[in-house]
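Student: Everything below, folded, please.
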Amino acid sequence: MITALAGGVGAARLLRGLVRVVAPTDVTAVVNTADDTELHGLHISPDLDTVTYTLAGMNDDERGWGLAGETWTVMENLERLGGETWFRLGDRDLATHLYRTQRLAEGATLSQVTSEITGALGVSVGLLPMSDDPVRTRLTLLDGPEVSFQEYFVGRRHAVAVKSVRFAGAESATAAPGVLTAIADAEVVVVCPSNPIVSIGPVLAVPGVTEALAGRRPEVVAVSPIIAGAALKGPADRLLAELGHEATVVGVARLYSDIVGTLVIDEADSALAGAVEACGVRCVVAPTVMHTPDHAAALASVLLDAGRPSGAARSLAR
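Tutor: From the prediction side, this is the model:
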């Protein structure tokens with residue numbers, strides 16, 4: 001079994017490649033739920049939905065989120081009425097949130113609802129929310145108040161500086177059923193190229209997860225979401241710098257050094273391989289930009305090779 005720690009878009013693309021080299025039923029993804037929010041009375045799980053839609057072949061690749069062929073009639077009419085439309089929900093996407101909200105109100109757990117949704121959409125990968133308990137990312141802005149993740153990321157388009165980040169509720173949360181077992185039993189644990197602060201950070205904040213990963217450290221392989229000092233998408237590079245970390249693959253290696261045995265970095269950062277290894281993390285150099293599903297599958301193969309006992313090569317650049 002392969003277990004992956006996942007955020008949203010970058011993780012979804014890597015998982016889409018992973019299931020081309022490993023049977024989908026042999027893959028479990030532990031997905032960040034600290035981005036979850038309630039809007040219009042609905043429980044919305046952005047990262048779970050992005051991963052689900054991508055693995056179901058239903059995602060909008062151009063936007064990176066939501067469903068392909070989406071329509072926006074509800075949002076258009078809500079805007080006409082003067083309602084809140086800063087967080088865009090497509091008509092087809094709304095069905096997912098309506099179902100999730102209904103089932104949660106009936107007493108189902110988020111894990112149970114996620115299994116029902118993925119089953120209905122034909123997704124064979126096991127998707128596990130990191131916790132069934134509410135954990136929410138809260139960011140204190142440098143020149144402003146503490147805000148929710150979605151207000152920062154969508155409402156303010158992550159264009160404001162951040163002073164601190166916390167994961168409200170994490171200290172009292174419990175890992176969702178199957179999460180710790182999936183880490184303990186995995187042949188390889190993959191940390192996807194998701195934002196280390198606000199996508200992977202909340203997963204690690206759930207009690208027991210960091211300890212479980214530390215116990216498997218030689219088999220834990222991460223791929224850096226930072227390439228040549230920048231994030232391909234989103235604010236990961238800025239958040240790292242704003243919170244006092246180095247916005248390079250070396251900064252990523254330092255953040256992950258207690259739980260990750262190997263860090264895969266892009267060829268653009270090959271000159272920093274020695275600095276990564278000075279952090280106590282083995283470094284593998286390979287193409288990491290997933291332009292196509294074929295690129296994602298090639299990267300997945302590199303990660304699996306690096307996490308297995310035979311994966312001793314220092315460089316797998318192609």
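Student: When you work out contacts or count neighbours from here on, use the C-alpha atoms and nothing else.
Tutor: Will do.
Student: mind checking the SS state of the residue nearest to Phe87 when sequence neighbours are not counted?
Tutor: Using CA to CA, 6 or more residues apart in numbering and skipping residues adjacent in sequence, the residue nearest Phe87 is Val154, 6.7 Å away. Under DSSP: H, G, I helix; E, B strand; the rest coil, Val154 falls in the helix class.
Student: Tell me the confidence at Val154?
Tutor: For Val154, the model assigns a pLDDT of 94.
Student: State the number of residues packed around it.
Tutor: Val154 is flanked by 13 other residues according to other CA atoms under 10 Å.
Student: Tell me how far it lies from Gly57.
Tutor: Distance from Val154 to Gly57, counting by CA to CA, to the nearest Å: 24 Å.
Student: what do you get for Phe149?
Tutor: According to CA to CA, Phe149 stands 27 Å off from Gly57.
Student: Have a look at these two and say which one is more surrounded.
Tutor: Between Phe149 and Gly57, counted using other CA under 10 Å, Phe149 has the larger neighbour count: 21 against 16.
Student: residue contacts, the more buried one?
Tutor: Applying CA atoms under 8 Å, 6 or more residues apart in numbering to Phe149 gives the contacts Asp35, Arg136, Thr137, Arg138, Leu139.
Student: Please repeat the previous calculation with a cut-off of 10 Å.
Tutor: By CA atoms under 10 Å, 6 or more residues apart in numbering, Phe149 lies in contact with 34-37, 136-139, 155-156, 158, 165, 198.
Student: Ok, Val125 next?
Tutor: Counting by CA under 10 Å, 6+ apart, Val125 makes contact with 15-16, 19, 23-29, 51-52, 55-56, 115, 118-119.
Student: Any quick PyMOL command for the buried ones out of the residues you listed?
Tutor: Selection of buried members from the contacts of Val125 for PyMOL, criterion 16 or more other CA atoms under 10 Å:
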select buried, resi 15+16+19+24+27+28+29+51+52+55+56+115+118
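Student: Would you state the helices of the chain in chain order?
Tutor: Ranges of helices in the chain, per DSSP state H, are 9-18, 46-55, 73-80, 91-105, 110-120, 149-150, 179-185, 201-205, 209-215, 236-242, 249-256, 273-277, 293-307.
Student: ok, back up a step: switch the contacts of Phe149 over to CSV; also include neighbour count and distance to Gly107.
Tutor: Converted to CSV, the contacts of Phe149 look like this (neighbours: other CA atoms under 10 Å; distance: CA to CA, whole Å):
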residue, neighbour count, distance to Gly107
Ala34, 31, 20
Asp35, 24, 21
Asp36, 20, 18
Thr37, 19, 18
Arg136, 19, 20
Thr137, 24, 24
Arg138, 21, 26
Leu139, 23, 30
Gly155, 13, 31
Arg156, 12, 34
His158, 17, 34
Val165, 19, 31
Val198, 23, 28
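Student: Looking at those residues, which are in strands?
Tutor: Among the contacts of Phe149, the members falling in strands (DSSP state E) are Thr37, Arg136, Thr137, Arg138, Leu139, Val165.
Student: Reformat those residues as CSV; add distance to Ala205.
Tutor: Listed next are the ones in strands among the contacts of Phe149 as CSV, based on distance: CA to CA, whole Å:
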residue, distance to Ala205
Thr37, 18
Arg136, 11
Thr137, 11
Arg138, 13
Leu139, 15
Val165, 12
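Student: Looks like Leu48 contacts His97 (just checking).
Tutor: No - contact between Leu48 and His97 fails when scored by CA atoms under 10 Å: they sit 11.3 Å apart.
Student: Can you tell me how far the residue lying closest to Thr54 once chain neighbours are set aside is from Ile183?
Tutor: Among residues not flanking Thr54 along the chain, Ala12 sits closest, at 6.1 Å (CA to CA, 6+ apart). For Ala12, the distance to Ile183 equals 19 Å [CA to CA].
Student: same question, Leu139
Tutor: 28 Å.
Student: Please apply the same query to Pro235.
Tutor: Distance of Pro235 to Ile183, given as CA to CA: 28 Å.
Student: Have a look at these two and say which one is more surrounded.
Tutor: For the pair Pro235 and Ile183, the greater number of neighbours falls to Ile183 (27 against 18), based on other CA under 10 Å.
Student: Can you name the residues that contact that one?
Tutor: Neighbouring residues of Ile183 by CA under 10 Å, 6+ apart: 1-5, 28-30, 189-190, 209, 212-213, 215-216, 219-220.
Student: Quick one: neighbours of the nearest residue to Ala275 once chain neighbours are set aside, just the number.
Tutor: In this structure, Ala275 finds its nearest non-sequential neighbour in Val250, 6.4 Å apart by CA to CA, 6+ apart. Applying other CA under 10 Å, we find 26 residues neighbouring Val250.
Student: Val250 and Ser270 touch, don't they?
Tutor: No - contact status for Val250 versus Ser270: not in contact, 11.3 Å apart, counting by CA under 10 Å.
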